[in-house]
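K.L.:
what shape does this take:
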Amino acid sequence: MLNYIWLGLIVVAIAVAVGRDVSEESSNRFRNNEAVPLLLPPNGLKAVGPNHYSGTAILIRSQIASFYGPDEAKQVKGDTVSFATDLVQSQSNPKTGTLTLTLPGNIPPVILDAATHAGDPTKWTGTASFDTSQFASGGYIKFAPPSVHFRILAKVANEGVLKIADTAVTLALGLIGVMALWLGVMKIAEAAGLVQLLARIVRPIMVRVFPDVPPDHPAMGAMIMNMTANFLGLSNAATPLGLKAMEELNKLNPIAGTATNAMCMFLTINTTALTLVPATVIAIRLTMGSSDPTDIIMPTFLATFVSLILGILFTRFIQRFFPIRESE
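P.N.:
Sure, this is the predicted structure:
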């Protein structure tokens, strides 16, 4: 079922991304294949080397409104946007070159989105056409950035689905050694009788929490073993024990197809499982480079203890004031 949920989320994300991309393409939001007219103030660009110029270029709010639209211009703070400019002149054509703009903090979102799509949200690089004679007196330089197509879909694919898939594989491989070691330690503890000892300690409490289940019924033993496994971080071992407990509890069910009070209570306890050693989380923290991966043991114990108590109280409240009624 979880696989279907993840698949559904991926499909929805792709559908939303395609919808937004189609909207941007139809409105030509990025003005693809059009040159942005940048204003050069007097002495805006100065030579810093052979065929190399640097200085300042400006976009006025009215230019942004006429080129990108009034909605983009409204999101600009101030009347002008000033770019630190670096221009490398082409040797084959002195009226063209490669222009790199360092983006200030008050750029309109359309420029930030275009630069981010190109690979660097701090710089915007493209080709430019100009007249070097205007660099000292002021004039215009036409800047042609790379075209932007289906940026949202590319972001979902590259930074979403593919990146998460790569992270998942890396994380899973890194967990193998730690999980194998910890599960081995827990198996030794189980063979030494620690699990059975904890089960005997818990049994008197279980009899009171599950008054409808006979103390010697197999369901009681399966539930105790499930809770003990969760307590020790043996989640892999706890799952089949939980299924076995539900199977045994169903044998005590007088209403077919309806969960009993014991089933609901066990599900609550299993969901809010009291955990002493969160082995999986410790392994993940270790894999991700945590300096102290075990420092979550006490917070986890306290959090699961509180959630367990509140879960039991809330479930008992529901069972007391909203009892199950047999269908006629």
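
K.L.:
run through the helices of the stretch 151-300 of the chain in chain order.
P.N.:
151-155, 162-191, 194-209, 218-231, 235-250, 261-271, 279-287, 297-321 (DSSP state H, counting those that start in this stretch).

K.L.:
comparing the ones you listed, which comes out most buried?
P.N.:
With neighbours defined by mean count of other C-beta atoms under 10 Å, none of those is more surrounded on average than helix 218-231, at a mean of 22. Where C-beta positions appear, they are placed from N, C-alpha and C, glycine not excepted.

K.L.:
and that one, what does it pack against?
P.N.:
On a contact count with 3 or more C-beta pairs under 8 Å, 6 or more residues apart in numbering; DSSP states H and E, helix 218-231 meets helix 194-209, helix 235-250, helix 261-271.

K.L.:
quick one: which of these is nearest Ala17?
P.N.:
For these, proximity to Ala17 was assessed by C-beta to C-beta; helix 261-271 is nearest, at 33.7 Å.

K.L.:
what's the angle between that closest one and helix 218-231?
P.N.:
Between the direction of helix 261-271 and that of helix 218-231, the angle (axes from the mean of the first three to the mean of the last three C-alpha atoms, to 10 degrees) works out to 10 degrees.

K.L.:
show me the contact partners of helix 261-271.
P.N.:
Applying C-beta atoms under 8 Å, 6 or more residues apart in numbering, the set of residues contacting helix 261-271 from outside is 209-210, 212-213, 219, 223, 226-227, 230, 238, 242, 245-246, 249-250, 252-253, 259, 308, 311-312, 314-316, 318-319, 324.

K.L.:
check stretch 135-145 too.
P.N.:
Residues contacting stretch 135-145 (C-beta under 8 Å, 6+ apart): 33-46, 53, 55, 57, 87, 99, 101, 114-115, 118, 124-131, 134.

K.L.:
buried ones in that stretch?
P.N.:
Within stretch 135-145, the residues that qualify as buried by neighbour count (16 or more other C-beta atoms under 10 Å) are Phe135, Gly139, Tyr140, Ile141, Phe143, Ala144, Pro145.

K.L.:
may I ask which helix or strand of the chain has the lowest mean pLDDT?
P.N.:
helix 162-191 (a mean of 67; mean pLDDT, DSSP states H and E).

K.L.:
hang on, the earlier thing: dump the helices and strands packed on helix 218-231 to TSV, plus mean pLDDT and distance to Thr304.
P.N.:
Rendered in TSV, the data for the helices and strands packed on helix 218-231 read as follows (pLDDT from 0 to 100; distance: least, C-beta to C-beta, whole Å):
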stretch	mean pLDDT	distance to Thr304
helix 194-209	77	15
helix 235-250	81	13
helix 261-271	90	10
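
K.L.:
who wins for proximity to Ile164 among those helices?
P.N.:
Shortest distance between Ile164 and those, using C-beta to C-beta, is found for helix 235-250: 22.0 Å.

K.L.:
the closest one relative to helix 279-287, how many degrees between them?
P.N.:
For helix 235-250 and helix 279-287, the angle between their directions (the same axes, to 10 degrees) works out to 160 degrees.

K.L.:
tell me the helices and strands packed up against helix 235-250.
P.N.:
The contact analysis (3+ C-beta pairs under 8 Å, 6+ apart) places helix 235-250 against helix 162-191, helix 218-231, helix 261-271.

K.L.:
sweet, I'm off.
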